[in-house]
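Q: Okay, here's the prediction I keep looking at, along with the sequence it came from:
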Amino acid sequence: MQKSDRKIPDALKSNDMIKRTTIILDKAEREFVESLIAQGKEQGIKPLISKLLDIYKSMMIYDWCFPGEYYCGISRLALVNVELINILTQEIPKERWREMGSKMGKALKVSIQSTLGLEAENEENWEKVFERLRVQGFGEIHLKDKFLLLKTPFINDCEIWKGMMEGLLGVELDTRNCVPPLVFEIKNRKQLSV
């Protein structure tokens, strides 16, 4: 038996941490994965599988009943074109957009509370709340000092977002930029009742 000069990475030495798994892909699946890698959309098979598992866990795909009926906790999800949502919002009078957004935010708050067990009004939970919204396609939301930054929002109407964030987070916002990326300044935070 020849002695190998290759050093075994520390991560592979422990049997508890890593277990090797073989996935057998048919030709079409393998070609699809290879095309994603060749186009630079994916770095490799391992990162792709890791990303799919993260999505599977964060979207609670294991709870989905069957194609066409998707639930994330108590909330039913629908895969809908953003254009359809924007058509729908355009039919609501502009003076009601903030009120409608606030109702949407309050519904999100109930969903997040029941699904993740998080109080959305507690600023310590905002990062997890924003991650949940990002995974569900709402867009990227970041807190920078006293500003909320919304990149790639799925609804383009600033007043709807303003109401939604106020209803969800229990804050009062001033608009600083009303085209994406949307920017809101946090003026007041509501105190959580204990």
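A: Arrived safely, thanks for sending. All of these numbers come straight from a predicted model, not from anything done at the bench. Numbering: from 1, shown residues only.

Q: Now do the SS call for residue 80.
A: With DSSP: H, G, I helix; E, B strand; the rest coil as the basis, the three-state label of residue 80 is coil.

Q: Tell me how many other residues crowd it.
A: The tally of other residues near residue 80 (other C-beta atoms under 10 Å) stands at 11. Yep, even glycine has a C-beta here, placed from its N, CA and C like the rest.

Q: same for the helix or strand harbouring residue 102, what does it pack against?
A: Element membership of residue 102, judged by DSSP states H and E, is helix 97-116. Using 3 or more C-beta pairs under 8 Å, 6 or more residues apart in numbering; DSSP states H and E, the elements in contact with helix 97-116 are helix 126-135, helix 158-169.

Q: between those, which one is nearest to residue 84?
A: With respect to residue 84, and counting by C-beta to C-beta, the nearest of the helices and strands packed on helix 97-116 is helix 158-169 at 14.8 Å.

Q: follow-up on the earlier one: just name the most buried of the helices and strands packed on helix 97-116.
A: helix 158-169 (a mean of 24; mean count of other C-beta atoms under 10 Å).

Q: Residues contacting that helix, please?
A: Helix 158-169 is contacted from outside by 89, 94, 97-106, 108-109, 112, 120-121, 126, 129, 141, 148, 150, 153, 155, 171-173, 175, 178-179, 182, 184, using C-beta atoms under 8 Å, 6 or more residues apart in numbering.
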